[in-house]
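In: Requesting a structural model of the entry that follows:
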Amino acid sequence: MNNASCTGEEWIPGLGKREFLKRFGGGIGGFALAELLAGSAPATGSLGDTHLPARAKRVIYLFQSGGPSQMDLYDYKPMLNKHHGKQLPDEVRKGQRLTGMSGNQSSLPLAGSPFKFSQHGQSGQWMSELLPHTAKIADDICVVKSMHTEAINHGPGVTMLQTGSPFPGRPSIGSWLSYGLGSANENLPSFVVMVTKNKGGQPLVSRLWGSGFLPSAYQGVRFRSGKDPVLYLNNPDGISRDGRRKMLEGLRDLHEAGTDGPVDAAVEARIAEYELAYRMQVSIPEVTDIKDEPEHVLKMYGNDVRNPGSFAANCLQARRLAERDVRFIQLYHPGWDQHGGLPGAIRKQCRETDQASAALVTDLKQRGLLEDTLVVWGGEFGRTNYCQGKLSNNFGRDHHPRCFSIWMAGGGIKGGISYGESDPYCYNVLKDPVHVHDFHATMLNCLGIDHERLTFRYQGRRFRLTDVHGKLIKGILT
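Out: As a prediction, the model looks like this:
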């Protein structure tokens, strides 16, 4: 869009509505929100209605970027501890390729978990001592221990989990849902993204919540910490809210006066985006202000909840957005890429995420929201059962895509169960494998969508989130 100011522009006879909006709208965009306007979505989705009865109305995805170590958190492997320090057996590895970071090691010593495991809840779910708060919701979550993917490095791995393809350019999950189901709240975006501030690790780029080949109206809107959660939302000096309202009314009148044939969908969509931005000037400050939260709720999320941009603060924000029917809420928490110093680093990660993750599930449940909100926790792959480099008390683990663990809760998912099984060495899937495409197909099913029927025609063929794959994980559905 042209970023020149609209002041001083004169109407040119014969100028088409689209070109006029480019010139006039460029000024508006200069005032307020080039990024935001690309992120809002129309109220009605392309499907019109769901294919199936929907168990969930919305999704909160707690993405743990870097690859959490499954055998140190959820997948208890006493056999691995028994053989600590021994070589990874050839019959377990089966000649499978390794990353360049450990593939040239002359020795692949097995590394048992240094953390204690115990069973929790009526379901008896095994949990690491690193997760005392998650252990308290053991009966509410389903731990999937047989996830697998092809991607062995972070870029393709994260892209695969977020878009269904290891290659950049495909729409993200939230974009597919915005496109298919539309928005349930006319004053907020249907797809919101938050990234924990001041975290290192692998970079998280905006294409991960982009719309790919779908119209840009369906991409995610990023909320940031600080006084301006959405960039360019506030009016600049000299522009009043009343003045903005009159400008939008004038733009609408101009478009309607010049319509002497079929409605220009692109123009209509752009005006709708300006309108949403105007409404968000009121709704965003309201939803991001936690002053009305009771002290006992803040305490439940932990001390870090008062630190804007922390994972705890973002989890509370996710609940507030879920209350207001935001369709897809994506949280990213980097820092799980522990090639070295894993014992200390994973402790720190769990201190940052365990309490808030569990509090979110508990908070939703107490408010009657968990039954129609699907919560997902997990990363792009797992970690190796052998150490990277020499085995020591401060060892690390390499990337491992062949089996890893995630958990899901609410929104049509059975609580208190463990699904799938890895082998005793936690290297390969032994039972009930779950591919990324299966995970996506099941997520869409919870939202009432047949994954084979939510498609978009692009470059001569119809694309979908699950490409040409994916099957339901029926064993975890209510």
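
In: Pull stretch 111-127 out as PDB, backbone CA atoms only.
Out: Extracted as PDB, the C-alpha positions of stretch 111-127 are listed here (Å, rounded to 0.1, in the frame of the first residue of the first chain):
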ATOM      1  CA  ALA A 111      21.800 -40.600  29.100                       C
ATOM      2  CA  GLY A 112      19.200 -41.500  31.600                       C
ATOM      3  CA  SER A 113      17.100 -38.700  33.100                       C
ATOM      4  CA  PRO A 114      18.600 -37.200  36.300                       C
ATOM      5  CA  PHE A 115      15.100 -36.300  37.500                       C
ATOM      6  CA  LYS A 116      12.700 -38.400  39.600                       C
ATOM      7  CA  PHE A 117       9.400 -39.500  38.200                       C
ATOM      8  CA  SER A 118       6.200 -40.400  40.100                       C
ATOM      9  CA  GLN A 119       2.500 -41.100  39.300                       C
ATOM     10  CA  HIS A 120      -0.200 -38.500  39.800                       C
ATOM     11  CA  GLY A 121      -3.900 -38.200  39.900                       C
ATOM     12  CA  GLN A 122      -6.500 -40.900  39.700                       C
ATOM     13  CA  SER A 123      -5.200 -41.700  36.300                       C
ATOM     14  CA  GLY A 124      -1.700 -42.400  37.600                       C
ATOM     15  CA  GLN A 125       0.100 -40.300  34.900                       C
ATOM     16  CA  TRP A 126       3.900 -40.400  35.200                       C
ATOM     17  CA  MET A 127       5.300 -36.900  35.600                       C
END
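
In: What lies in contact with that stretch?
Out: With C-beta atoms under 8 Å, 6 or more residues apart in numbering as the test, stretch 111-127 has contacts from 71-77, 80-84, 128-130, 134-136, 138-139, 141, 143, 343, 385-387, 391, 393, 395, 397, 415-418. No exception for glycine: its C-beta is placed from N, CA and C like everyone else's.

In: Where strands are concerned, which of those residues count?
Out: Ser128, Ile141, Val143, Asn385, Tyr386, Cys387, Arg397, Ile417, Ser418 (DSSP state E).

In: Just the buried residues out of these, in ChimeraX syntax.
Out: Here is the ChimeraX command that selects the buried residues among those (16 or more other C-beta atoms under 10 Å):
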select :128,141,143,385,386,387,397,418
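
In: Straight-line length of stretch 53-62, end to end?
Out: 25 Å (C-alpha to C-alpha, to the nearest Å).

In: Go through it and flag the buried ones.
Out: Ala54, Arg55, Ala56, Lys57, Arg58, Val59, Ile60, Tyr61, Leu62.

In: quick one: which two of the ones in strands among the contacts of stretch 111-127 are the most distant?
Out: Using C-beta to C-beta, the ones in strands among the contacts of stretch 111-127 span at most 31.2 Å, a distance reached by Cys387 and Ile417.

In: ok, which stretches of the chain are helices?
Out: Assigned by DSSP state H, the chain shows helices spanning 17-31, 34-39, 78-82, 90-93, 154-163, 173-181, 241-257, 265-288, 295-301, 311-323, 342-366, 436-446.

In: now the contacts of stretch 111-127: which count as buried?
Out: Looks like these have 71-77, 80, 83, 128, 130, 134-136, 138, 141, 143, 343, 385-387, 391, 395, 397, 415-416, 418 buried, using 16+ other C-beta under 10 Å.

In: related to what we said a few turns ago, now, the buried residues of stretch 53-62 that are in strands?
Out: Using DSSP E, the buried residues of stretch 53-62 in strands are Arg58, Val59, Ile60, Tyr61, Leu62.

In: any idea which of these is closest to Ser225?
Out: After measuring these against Ser225 - C-beta to C-beta - the closest member comes out as Leu62, at 17.2 Å.

In: for that closest one, what are its contacts?
Out: Leu62 neighbours (C-beta under 8 Å, 6+ apart): Cys315, Leu331, His333, Thr353, Ser357, Leu360, Val375, Val376, Trp377, Gly378.

In: And for the nearest residue to Gly45 once chain neighbours are set aside, the neighbour number?
Out: Nearest residue to Gly45 in three dimensions, chain neighbours excluded: Gly182, at 3.4 Å (C-beta to C-beta, 6 or more residues apart in numbering). Neighbours of Gly182 under the rule other C-beta atoms under 10 Å: 18.

In: Brilliant, that's me finished.
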